[in-house]
Every structure is written in C-alpha cells, then in structure tokens.
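Student: Sequence below, structure please.
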Amino acid sequence: MQEKLSEVTLILVASTAIILLLTGLIVFSLIVNQKRKYRHRQEKLSLKNGFDQELLRSTLEIQTQAFESISRELHDNVGTLISIAMVHIKSLDASTREKENQRLNETENLLNEALESLRDISRSIHPENISRLGWQQSLESELQRIGKSKLFTVAYSQEGEAFAVELDKQVIIFRILQESLNNIVRHSNGLHIGCHVRFSGREVNITITDDGKGFEQPSALDNGNGSGLRNMRARAAMLPAVLSISNGVQKGTVVKLTYRETSNQL
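Tutor: Residues are numbered from 1 along each chain as shown. This next block holds a predicted model:
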C-alpha cells in the first residue's frame, strides 16, 4: 500500500513538473513571439517613416523647383514687360503728355501697382524667400498683400513665444496657410479676414477666419473636394499636423492648423 502511494505521489509530482515545464515553454514561446511581432512592427514603422521622409523630401524638391521657375518667369518676363510699358509712357513727348496727362498718370499708377503686386506674388511663392523670412513673416506679408488690394480688411494677432521649426516644414506650413487665404480671396465673397497664431510650448495653433458665404454643402469639407482642400490636407499629413476646416457660427469659414514640433521629426 505504501509503495502504491509512493508511486502515485511520484506520478503526480512528475506530471506536475511536466505540466509546469510545458506551461513555461508555452509562455516562453508566447513572449518570444510577441517580441518578434513587436520588432517586426517597429521595423515596418521605421521603414514607413523612412519612406515618408523620402517622399516628403522628393515632393518638396519638386515643388521648390516649380515655384522657383514660376517666380523667375514672373520677375523676368511679366515684370520686364510692365517696366518697358512704364518706360514708354515716361518717354512720350511733352505735348502728348500734356494732352493726356490725367489718363497717363492713371495708367502709370496702375502699372506701378501691378508691378508691386507682381513682385509681392513673386516673393510669396519663392521658397528661398519663405525659408529666409520664416513662415510667420511670410504669412504676415501675404496678409499685407491681400490688405493692399482693399478687397478685404485684415486682422492679425499672435500670442505665446515662437519656437524654431525646420526650414522644410516652414515652407509646408506657409503653403497650407497661403492656400487657405487664396481660397478666401477667390471663393468667400467676404470682406474681412482674421488670423490668430498661438504658441504653447512646442505647439503652434493657427486659426484663419473669414466672414464670407462658407461652404453650402458640409460634405464638401468631409470629402476634401477641390484641389485646394486636397492639397491642404495632403500637406498637413506630410508634416504631420492636424488640419480642420469648418463653417463658422455665422457662416464664413474657420481653418485651424495645429503643428507640434517633436524631437523625432525631420
């Protein structure tokens, strides 16, 4: 009887040991598998981040070349033609100028305004100027340029302490804001543009509002219809940043861009 009890005890102990061993092996296998999955996810994330960074660089390079080309064309060709027209007006003989003095003065003033606007546009699209001035000053210059047209009254305000943003990212931020302002000028039918910039730590929130007609179909905002909205959303995703576009309480549109500078970004 004692021998049978010893055998049973031995079998129970051996079975328990085998079960514990198998359980340990299963747990160990699960841990190894989870670590392998985690490592695989990290590798995929690293590859994706690397791809996104290369895509961002390539896109920025293409955009930079395109904007530089447009800027040169505006400055060298259209600007030259306007300058030549002004020279021709000034070279008219005294008798002709006396007869058409008022009309010539008005024409000369219009050409001066056109040349100044052309220079402003050329500066606003040239990436080198944006990098040199920074996105904030470029934004203020763009608002001033719109204000000069006298089609809109413009208000700009800022709070908080600004922080440094990488040059490539500054160009993207400004392009988003520039596209928003262009949409207001072209489509809003409003009279006033407001822009508020708020810095908080390493985060900046930019809000642009207008008092125009807004979006008649809210679905257009959700779907991102229109190349302008699509470009804005695509650029925000490249940063990355959070972009929201909505109708105001009393119509008009509200564009909010939130960008946070982190140490692991480009």
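
Student: Going by C-alpha atoms from here, please, whenever you check contacts or count neighbours.
Tutor: OK.

Student: And the helices in this structure?
Tutor: Taking DSSP state H to define them, one finds helices in the chain at 2-73, 79-90, 94-99, 101-125, 127-133, 135-148, 167-183, 218-223, 227-238.

Student: for the protein, what are the low-confidence residue spans?
Tutor: For the chain, residues meeting the criterion pLDDT under 70 lie at 1-5, 8, 49-50, 52-100, 102-104, 108, 113-128, 216-227, 249, 263-266.

Student: what does the domain assignment say about it?
Tutor: Annotated domains of the chain cover 1-125, 135-266 [automatic domain parsing].

Student: Got phi/psi on F152?
Tutor: Dihedral pair for F152: phi -140, psi 150, per degrees, to the nearest 10.

Student: Do I have it right that it meets N189?
Tutor: No - counting by Cα atoms under 8 Å, F152 stays clear of N189, with 9.6 Å between them.

Student: burial measure for Q250, as a count.
Tutor: If you count neighbours by other Cα atoms under 10 Å, Q250 ends up with 10.

Student: heads up, I number from 402, so please use that
Tutor: Got it, the first residue is 402 from now on, which makes the last one we talked about Q651.

Student: so what's it closest to, chain neighbours aside?
Tutor: Leaving out its chain neighbours, the residue that sits closest to Q651 by Cα to Cα, 6 or more residues apart in numbering is D612, at 7.8 Å.

Student: ok, now which ones touch the one you found?
Tutor: Neighbour list for D612: S589, G591, L592, H593, I594, Q651, K652, G653, T654 [criterion: Cα atoms under 8 Å, 6 or more residues apart in numbering].

Student: Give me the subset of the residues you listed lying in strands.
Tutor: H593, I594, T654 (DSSP state E).

Student: Relative to A415, which of those residues is nearest.
Tutor: T654 (75.2 Å; Cα to Cα).

Student: nearest spatial neighbour of the closest one, skipping sequence neighbours?
Tutor: Here the residue nearest T654, using Cα to Cα, 6+ apart, is N648, at 4.5 Å.

Student: how near is E507 to N513?
Tutor: E507 sits at a distance of 10 Å from N513 (criterion: Cα to Cα, to the nearest Å).

Student: Just want to know which of those two has more residues nearby.
Tutor: It is N513, of E507 and N513, that has more neighbours when counted by other Cα under 10 Å, with 15 against 11.
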